[in-house]
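Novice: test case, fold it:
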Amino acid sequence: MRKGLKVVCVVPAGRRRYLHALIPYLVSEEIIDEIHLWVNTSNDNDLRYMDIVAGMFDKIHLVAAPPMKSAVRTDNVGRFYQTAIQANTIYIKLDDDVVFIENDFFEKFVDFRINKRNAFLCLPMTINNAVCTYMHKCYGLLDEQSLTNVSPWAGDGVTYADNLFAERVHKLFLDQYRQGSLDMFRYDDFMFNFTISINCCAWFGEDFAAFGGVIPHWKLDEFYLTVDKPVEMGKLNAFCGSTIISHYAFFVQRSYLDRTGLLEEYYSISKLEIPDFGWGQFDALKDDCAFGPSGSGLAAAARYFSDVLVNINAKDVYIWGTGGFFEGVKDIFKGHNIKAFIENDSFKIGTTKDGVPVVTPFDLNSMPKLPIFICSCHFESIIAQLKQNAPEFDVVVSHSQYVWD
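Specialist: Have a look, this model is predicted:
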């Protein structure tokens, strides 16, 4: 509770190896009244982990996904927002791989949210976030090697997809933490209405109640909540540059960063930051739930695509992407007719793959309206392109970062 308002943290979950770094920060924070884990996984060990922690801590509640209103939607997480619309409540959504929260974060961030009452969303300074990294570039925190092609756009080739760059950003942050000051990462507050990856955000329940917390099934939550909805409501979003969290990894960074030892460093920091937490019983969960990487992203994508194919009962589909991602999931499309592959690569357009033509996104305007399965890591930029050029198509994306194991 803060200044008469209930405070609820919601976490799309649950990759247990990352939740294990996040949960101690949440359950030890006095102003947080409830923690809602949005159950968004089918992994048995992850589900068991969440069941156990919900039994250990009274604040934690497991929230099941509301039913799909369409057989096809662009991500799973969008369904959950309709469970976070209670009046007189501030909701703080955190990705389940937020692995560091500074010790006065919640007090400052909630007060900022209260003071910026007219803002639609409030977002904090986030380590390993494209927009935030671009700010750090602009005032000289990154070395020359890191400056090349850094942009503020989610899904670019550096801040989103460059594994070594992500490792350097985390190491710079951890070095400054060890030196006792994170001030170099802080930034001025400002208002905005552009797209940003939402690793953490806060809203008032009554603001989302105004539209039922319902996100159209063809929209990704990040685009809809940072641009579409605030513009529709005549609002801006507010950036709180003085409060800091660290986001571990985007999907394409994860397998590399999991081998660097960075996650273990963040575990160690959480023990320094929260020394009175009951670590013995909590850490025992690592062995009890077969702690460790819980499966490949391609396996998770294949499971999700397979479920959608059953739900939509469609024989004919389009595939965006012809590379290794598609090769990893192609078996689940057996028995379905791939009518076209879609590509931006000029060297592939006009050729065929497995006897199927490779076309441009612009060709879609003259083609039948079939569901498009995105088999590419760069789904955010692809969604933006489809939104502009082919908004009437149903789009299936497996890798909302919460869907992936």
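Novice: part of a strand, is residue 91?
Specialist: Yes. Using DSSP: H, G, I helix; E, B strand; the rest coil, the assignment for residue 91 is a strand.
Novice: that one contacts residue 8, correct?
Specialist: Yes. Proximity of residue 91 to residue 8 meets the contact threshold set by C-beta atoms under 8 Å, at 5.3 Å. (C-beta placed from N, C-alpha, C; glycine too.)
Novice: more neighbours, those two?
Specialist: Applying other C-beta atoms under 10 Å to residue 91 and residue 8 shows that residue 91 carries more neighbours, namely 25 against 20.
Novice: before we move on, the earlier item: okay, and the common contacts of residue 91 and residue 8?
Specialist: In terms of C-beta atoms under 8 Å, 6 or more residues apart in numbering, residue 91 and residue 8 are both contacted by the residues residue 84.
Novice: where does the stretch 151-300 of the chain have low pLDDT?
Specialist: By pLDDT under 70, the low-scoring segments of the stretch 151-300 of the chain are 151-157, 287-300.
Novice: one more pass at 80, please.
Specialist: 151-161, 217-218, 252, 284-300 (pLDDT under 80).
Novice: residue ranges for the helices of it, please.
Specialist: 163-178, 205-209, 221-223, 229-233, 251-257, 262-273, 279-283, 285-288, 297-312 (DSSP state H, counting those that start in this stretch).
Novice: to residue 110, which of those lies closest?
Specialist: Each of the helices of the stretch 151-300 of the chain has some distance to residue 110 by C-beta to C-beta; the shortest is helix 205-209, at 13.5 Å.
Novice: and that closest one, what other elements does it pack with?
Specialist: strand 89-94 (3 or more C-beta pairs under 8 Å, 6 or more residues apart in numbering; DSSP states H and E).
Novice: and the strand it packs on, what's buried?
Specialist: Neighbour-count burial for strand 89-94 flags 89-94 (criterion: 16 or more other C-beta atoms under 10 Å).
Novice: check stretch 254-265 too.
Specialist: Neighbour counts over stretch 254-265 (16+ other C-beta under 10 Å) mark 254, 257-258, 262-263, 265 as buried.
Novice: what is the nearest of the residues you listed to residue 303?
Specialist: Of all the buried residues of stretch 254-265, residue 254 has the smallest distance to residue 303: 17.1 Å, by C-beta to C-beta.
Novice: distance of that closest one from residue 201?
Specialist: 21 Å (C-beta to C-beta, to the nearest Å).
Novice: on that earlier part again, now the buried residues of strand 89-94 in JSON lines, with distance to residue 133 and pLDDT?
Specialist: Output for the buried residues of strand 89-94, formatted as JSON lines (distance: C-beta to C-beta, whole Å; pLDDT from 0 to 100):
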{"residue": "89", "distance to residue 133": "31", "pLDDT": "98"}
{"residue": "90", "distance to residue 133": "27", "pLDDT": "98"}
{"residue": "91", "distance to residue 133": "26", "pLDDT": "98"}
{"residue": "92", "distance to residue 133": "22", "pLDDT": "98"}
{"residue": "93", "distance to residue 133": "20", "pLDDT": "98"}
{"residue": "94", "distance to residue 133": "19", "pLDDT": "98"}
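Novice: next, format the residues you listed as JSON lines and append distance to residue 382.
Specialist: Converted to JSON lines, the buried residues of strand 89-94 look like this (distance: C-beta to C-beta, whole Å):
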{"residue": "89", "distance to residue 382": "35"}
{"residue": "90", "distance to residue 382": "33"}
{"residue": "91", "distance to residue 382": "29"}
{"residue": "92", "distance to residue 382": "29"}
{"residue": "93", "distance to residue 382": "24"}
{"residue": "94", "distance to residue 382": "26"}
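Novice: among those, which two are most distant?
Specialist: The largest separation in the buried residues of strand 89-94, counting by C-beta to C-beta, is between 89 and 94 at 15.7 Å.
Novice: relative to the longest strand along the chain, what are the paired strands and their orientations?
Specialist: Using DSSP state E to define each element, the chain has its longest strand at strand 237-247. Here strand 237-247 is paired, per DSSP bridges, with strand 98-101 (antiparallel), strand 122-127 (parallel), strand 190-192 (antiparallel).
Novice: quick one: which of these is nearest residue 334?
Specialist: Closest approach to residue 334 among those (C-beta to C-beta): strand 98-101, 38.4 Å.
Novice: for residue 9, pull up the helix or strand it's in.
Specialist: strand 6-13 (DSSP states H and E).
Novice: for that strand, which strands pair with it and how are they oriented?
Specialist: When DSSP bridges is applied, strand 6-13 pairs with strand 34-39 (parallel), strand 89-94 (parallel).
Novice: what average pLDDT does that strand get?
Specialist: Here strand 6-13 scores 97 as its mean pLDDT.
Novice: which residues does it contact?
Specialist: Outside strand 6-13, the residues that touch it by C-beta under 8 Å, 6+ apart are 1, 19, 22, 26, 31-41, 46, 50, 63, 77, 80, 83-84, 86, 88-96, 106, 110, 402.
Novice: just the buried members of those residues?
Specialist: For the contacts of strand 6-13, buried by 16+ other C-beta under 10 Å: 19, 22, 26, 32-41, 46, 50, 63, 77, 80, 83-84, 89-96, 106, 110, 402.
Novice: which strand residues bridge residue 39?
Specialist: residue 13.
Novice: can you give me the pLDDT of it?
Specialist: For residue 39, the model assigns a pLDDT of 93.
Novice: same question for residue 328.
Specialist: Residue 328 is given a pLDDT of 78.
Novice: tell me how far the host helix or strand of it lies from the chain's centre.
Specialist: Using DSSP H and E, residue 328 sits within helix 324-329. Remark: helix 324-329 is offset 22 Å from the chain centroid, using C-alpha atoms, centre = their mean, to the nearest Å.
Novice: so what strands line up beside whichever helix or strand comes after that helix?
Specialist: Per DSSP H and E, the first helix or strand lying C-terminal to helix 324-329 is strand 337-342. Strands flanking strand 337-342 in the sheet, each with its direction: strand 316-320 (parallel), strand 356-359 (parallel) (DSSP bridges).
Novice: who's residue 8 bridged to?
Specialist: Beta-bridge pairing for residue 8 (DSSP bridges): residue 34, residue 91.
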